[in-house]
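Asker: sequence below, structure please.
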Amino acid sequence: MTDIAILGPMLTRLLGPARAALLQQFLRFGVVGVIGFVVDTAVLYAGLAVGAGLYLGRAVSYVAAATTTWALNRAWTFRGRGAGAPVHRQWLLFVVVNLGGFVLNYGTYALLVTFVPTVAAHPVLGVAAGAIAGMFANFALSRQIVFRDG
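Answerer: Numbering: from 1, shown residues only. I've put the predicted structure just below:
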């Protein structure tokens, strides 16, 4: 994995090579997560516009976001890791192992839209809270199982 320009060498000096590489990987994962958040939100609001409702709309938007983040993480965050797996198998493994993060993500969203009227009126708040709740579990699972070395 190549260093993030300017930031990478500084992190290496401060943290050492292994920790700097891990932090840069997590930062890339975070950038991909923001893109996934945008996809998740856009698909949710599109679903709401066609009558899918808060729960079905979010289930569909989550799958769209998970597919987007898998592709970007494969190409950028974890480039070269887990390269031996067939693409369709790796995508399925990504979706399956990230179910823990999904439970945290969707559970947080569902609780908030159910019990917090402001979040029900502005579901993007629930999507954001859910994304943050699932992020750390998704990173660890993706790194250790889906995109592991050799």
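Asker: how about the helices in this structure?
Answerer: With helices called from DSSP state H, the chain shows them at 7-15, 17-49, 53-72, 87-97, 99-115, 117-121, 124-141.
Asker: can you check which of the ones you listed gets nearest to R81?
Answerer: Counting by C-beta to C-beta, R81 lies closest to helix 17-49 out of the helices of the chain; the figure is 9.2 Å. C-betas here are computed from N, CA, C, even on glycine.
Asker: how many neighbouring residues does G126 have?
Answerer: Other residues lying near G126 total 25 when counted by other C-beta atoms under 10 Å.
Asker: that one reaches N105, doesn't it?
Answerer: No: under the criterion of C-beta atoms under 8 Å, G126 makes no contact with N105, lying 9.8 Å away.
Asker: could you report the pLDDT at V95?
Answerer: Predicted confidence (pLDDT) for V95: 87.
Asker: rewinding a little: so what sits against both of G126 and N105?
Answerer: Counting by C-beta atoms under 8 Å, 6 or more residues apart in numbering, G126 and N105 have no common neighbour.
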